[in-house]
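S.K.: how does the following fold in three dimensions:
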Amino acid sequence: MATRFWSITSRLKNFWWQPFSAKNFSSASKALEGSTVDSEEVSKFTQKANEWWSNPYRLLYTMNTLRVPFIRDGILYASEVTIKKPLPLEGYKIIDVGCGGGLLAEPLARLGAQVTGLDPGLENIEAAKEHASQDEEINNRLNYVCDTIENFVTVSPGTFDAVVCSEVIEHVADVPIFVNNCVELAKEGGSLFFTTINRTTVSYFAAILAAEYVLNIVPRGTHNWNKFVQPSELSEMLKGLNCRIVSIEGMLYNPLTRTWNWCNGAENRKKHLASVHHQKLRKAHYDMFKDAATILEEAKSKKPCRKFNTTGHCEFGSNCKYSHLTADDILNLMEQANQEKLGTKGKKPRTDPDIDSWVQTKSLKVAQSSNKGPSDPVKPVLPPIISNIPSLPPSLIPCKPSELLNIKKDAGNHWG
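M.R.: The predicted structure follows:
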């Protein structure tokens, strides 16, 4: 029903600020001085802080079926982790900006991550802490902080592997400054996840008129259409902050099934095929079929990556145009290539058989089996229990070999 889009970005180095026209984000709400926090927007959610895990926010709760796996896979893919673990996000630090009652922070903590929930509403933080205290397994992985992002970024800049901002950006007073602060919280090479409602005509009717006033699945007055952000606007802001857009996805809510689904339109497929995420997946797939000699030849044609050699890390990963192979890696590849070469040496190339060779082989097998001579005929054996039954029909009475050639035509008249 409500059209939303997801955006994954990867933080690079050398941040710089590019002014962005704020005319599309103007609002009559009151902003706290020196802060992107909109006091009127915060009060909307603090007034119903005791209902975070109940009916009014079920849309956000059901959205977890899409956004939690999306965040998990995005973090693991950015880290190039392929080992499957019971807690896949163990060891990662995530901050959920505008966490509310912890609807998204808790499932991320269940995946093993150390999650910091940041929200300016004290009532929201208290509700999140109370709900988390009911589960001892995740309570020690959650840290809820009541503060503004402007204050928090001065204390913990570049701290988190992933920054998540889900359904928040349409409620802030100054979007460009807010996005800049989110970027500053991420480590170099970290990931940022944004989800918000797209500003379109459809979203006005679906997310506001239908959702708030007709179906009543969202509290009235929750959204302001003028504060919705389009993907192109958010992308420009992030590119201005030296971030690389990895993926932009769309999702819709179906009020009949009460489920969220990814959009699967032709335009989305086109964007995906042209995205960096798809190119990385495609390259990773074909790299699995390369032999050692091919990998070695490609590595020799590239210059060594200075950053990888000095720091042991490169934000471009396997897509870097420079080589990440060390001297030991090259020696191991050379040895493996020689072993593969020796293993294939002397082996005849395998060809698929044609129909003529198959028929010829089959004919030889038939001829060989016929030369062995006739096998002994199988003698039928009548079960003993049937022999003791009187007046058996002729078809069940065993015949003597001498009688097989003298079967009477009127055998049917001797039925018992």
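
S.K.: what's the mean pLDDT across stretch 205-217?
M.R.: Per-region confidence: stretch 205-217 scores 84 on mean pLDDT.

S.K.: which residues are contacting that stretch?
M.R.: By CB atoms under 8 Å, 6 or more residues apart in numbering, the residues outside stretch 205-217 that reach it are 1-3, 58-59, 197, 218-223, 225, 228, 255. Placement of C-beta: from N, CA and C, glycine included.

S.K.: just those residues: which are in helices?
M.R.: Among the contacts of stretch 205-217, DSSP state H puts Arg58, Leu59 in helices.

S.K.: from the contacts of stretch 205-217, which two are the most distant?
M.R.: Pairwise distances among the contacts of stretch 205-217 were taken by CB to CB; the largest, 22.0 Å, belongs to Arg58 and Trp225.

S.K.: pLDDT at Ala411, what is it?
M.R.: 49.

S.K.: low pLDDT regions in this structure?
M.R.: 1-34, 82-83, 264-278, 315, 344-353, 369-416 (pLDDT under 70).

S.K.: tell me where it has strands.
M.R.: Using DSSP state E, the strands of the chain run over residues 4-11, 93-97, 114-119, 142-146, 160-166, 186-197, 243-254, 259-262.

S.K.: of all these, which lies closest to Thr36?
M.R.: Going by CB to CB, the one of the strands of the chain nearest Thr36 is strand 93-97, 10.5 Å.

S.K.: pull the distance from the closest one to the chain's centre.
M.R.: Averaging C-alpha positions (CA atoms, centre = their mean, to the nearest Å) puts strand 93-97 19 Å from its chain's average.

S.K.: which helix is the longest one in the protein?
M.R.: Counting by DSSP H, the longest helix found in the chain is helix 327-344.

S.K.: neighbouring contacts of that helix?
M.R.: Contacts to helix 327-344, defined as CB under 8 Å, 6+ apart, come from residues Asp291, Ala292, Ala293, Ile295, Leu296, Ala299, Leu325.

S.K.: can you put those residues in JSON lines and add neighbour count and distance to Glu212?
M.R.: Below are the contacts of helix 327-344 laid out as JSON lines (neighbours: other CB atoms under 10 Å; distance: CB to CB, whole Å):
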{"residue": "Asp291", "neighbour count": "14", "distance to Glu212": "59"}
{"residue": "Ala292", "neighbour count": "17", "distance to Glu212": "60"}
{"residue": "Ala293", "neighbour count": "15", "distance to Glu212": "63"}
{"residue": "Ile295", "neighbour count": "17", "distance to Glu212": "56"}
{"residue": "Leu296", "neighbour count": "19", "distance to Glu212": "61"}
{"residue": "Ala299", "neighbour count": "16", "distance to Glu212": "57"}
{"residue": "Leu325", "neighbour count": "19", "distance to Glu212": "56"}
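
S.K.: please tabulate those in a markdown table, including the columns distance to Thr159.
M.R.: What follows is these, written out as a markdown table (distance: CB to CB, whole Å):
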| residue | distance to Thr159 |
| --- | --- |
| Asp291 | 42 |
| Ala292 | 40 |
| Ala293 | 43 |
| Ile295 | 36 |
| Leu296 | 39 |
| Ala299 | 35 |
| Leu325 | 31 |
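
S.K.: good, we can wrap up now.
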